[in-house]
Structure formats: C-alpha cells, structure tokens
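K.L.:
mind folding the following:
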Amino acid sequence: TLAYPIADRNLLIKFATVPGFGGEFQRSMPTIALIVSLILSILFFAFVLSVTTSRARAVDLADRMTRSQRRIVDSSQDIIAVLDFDGNWKSMNPASLTVFGTSPDDMINTSILPLFYSEEDKAGFLHIAENISEDKTERVDLKMRHSGGNMKWISWSLTISQADRLIYAIGRDVTAEKKAEEEAHLKTKQIQLAEQFAREASESKTYFMTKLSHMMRNSLTGMMGYLQLLSNKIYETEEEHDSYIKMAEDSTEEIFTFVSDIV
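P.N.:
Model (predicted):
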C-alpha cells in the first residue's frame, strides 16, 4: 500500500497480484511464443512458396504455349505476317520463301506494293486496307508476283487494329486451285461452243437437205417432162427434138452434181 498526498488528503493505493499468475503460465510464455512464431513462419513460407510455384508454372506454361505457337508459325505453309498502315512488312514467317521466293529477313521493312502483279490488284488491296473496319476480317484473292517473275494467286485474310496501327495478314497460295478453276471454266466454254457448233451443223444439215431435195425434185421433174415429150413425140421440128434432149441431159448433170456433193 502506498500513500499519495493530494492537496489536503492522502490517497492510498493498494497493489495486488492474481495468485499463481507469475508462476507456470509465465514460465511457459517463451515456449508458446516460439511455437506460434514457428507456425506463422511455416504458414507464411508455404504461402510464398505456393505463390512462387504458381507463378513459375504460369510462366513455364506461357513459354510452352509461345514455343508451340512459334512452331506452328514457322512450319505453316501460309503467310502469317504483320503490316503497318503504309504497307510495310513488320514481321514475316518462313513461308515467304515458298510463296514469294524471298527470305523473311529480306522482306522485313519492305513494302508489299511491288509484289502485286498488276495495278488493279494493288488498288484492290489499298481499297480494302483503307476501308476495312477494326472488328471485321476481309478476305480477297489477289495476283502476286514471285521473285522469279511467276504469277501466283494469294488468298488474303486481313484484320486491322486501329489501336496498334497494324494489319494482321494471313495469305494462302491458291494458284493450283485457281488454275483448276480456270481449266474447268475453259472446258465448260469448250463444251458450250461444241454444243453451239453441233446445233449450227444440224441446222445447216437440215437446210442443205431441204434445199438439195427441192433442187433434185425440180431437176427430176424437168427431166421426166422432157423424156415424156420425147417418148410421146410431142415436138414439131428436129431442133425442138434436140432441145428436149439437151435439157434432159442438163437435168441429169445437175442430179449427178447433187449426188457428188452428198458423197
């Protein structure tokens, strides 16, 4: 008990302790604190390890996906490339060697415009690139130029990104398909032309037979008439008799000529 004088009074303060508080519990406090700290450290370490491992797995998975996509891009037979809005190549996969005869490194930062086979194809590409919307993919078949000078049909799939100011392009060589289509179209035209010739030949044949029958009938009728005049001796002079014979001979020659034409 302690006395504290305050003004004209003494304030008595009595201190007391809980029985046994400073005994066994107090001696166990360091061990309890150590155990709790170890548990917290283990939990924190497990949490950090889990986060680190998950991040490492995510990075490894992303690397594997990137390598897989890169293998797909490198092994693809289609052009997979990126263009800027000026038509310059920003990236190119190895398919350029097969399609254009030029290595990807040589095509980077060069323009696509000299590769078009004609001014019409170049204008068509520029029109699509200028008017395509960001949320739309445009497909078009254009004639392109190989480094050896040959013409190739490339089917382009173009997707524009206004945010990146880039054009993502996928191009497939469809030259064989186009040639097959042109050959099929040519064969169709040839068949149509042959059918037209057949119709014209049939019409000409019908016209020829009709005209030939008419002429032969006239010649035979004339010859029969002259022969009947001769057989019935319906003539007055020798000259008239000879003229009937001559006309019959002419009709006979006409019939012979018609038959020769048929043969």
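K.L.:
name the element the residue lying closest to Glu177 once chain neighbours are set aside belongs to?
P.N.:
Leaving out its chain neighbours, the residue that sits closest to Glu177 by C-beta to C-beta, 6 or more residues apart in numbering is Trp153, at 7.6 Å. All C-beta atoms are positioned from the backbone trio N, CA, C, and that covers glycine. Using DSSP states H and E, Trp153 sits within strand 151-161.
K.L.:
just give the number of residues close to Asp106.
P.N.:
Using other C-beta atoms under 10 Å, the number of residues around Asp106 comes to 14.
K.L.:
one step back: could you give the mean pLDDT of the next helix or strand after the strand holding Trp153?
P.N.:
On the C-terminal side of strand 151-161, the closest following helix or strand by DSSP H and E is strand 166-173. The predicted model gives strand 166-173 an average pLDDT of 88.
K.L.:
start the count at 12, not 1, going forward
P.N.:
In the new numbering, first residue 12, that becomes strand 177-184.
K.L.:
now strand 177-184: how far from the chain's centre is it?
P.N.:
Taking C-alpha atoms, centre = their mean, to the nearest Å, one finds the center of strand 177-184 at 10 Å from the center of the full chain.
K.L.:
cool, stretch 152-163 as well?
P.N.:
For stretch 152-163, the separation from the chain centroid amounts to 16 Å (computed by C-alpha atoms, centre = their mean).
K.L.:
got the contact list for that stretch?
P.N.:
Outside stretch 152-163, the residues that touch it by C-beta atoms under 8 Å, 6 or more residues apart in numbering are 110-113, 125-129, 132, 135-136, 164-167, 184-186, 189.
K.L.:
so which of those sit within strands?
P.N.:
164-167, 184 (DSSP state E).
K.L.:
tell me the contacts of the spatially most central residue of the chain?
P.N.:
Central residue check for the chain by C-alpha atoms, centre = their mean: the C-alpha nearest the mean position is that of Ser166, 3.9 Å away. Counting by C-beta under 8 Å, 6+ apart, Ser166 makes contact with 150-152, 182-183, 185.
K.L.:
need the contact partners of stretch 256-272.
P.N.:
For stretch 256-272, with C-beta under 8 Å, 6+ apart as the criterion, the contacting residues are 223, 226-227, 230-231, 233-234, 237-238, 241.
K.L.:
from these, which shows the smallest pLDDT?
P.N.:
For the contacts of stretch 256-272, the model is least confident at Leu223; its pLDDT is 76.
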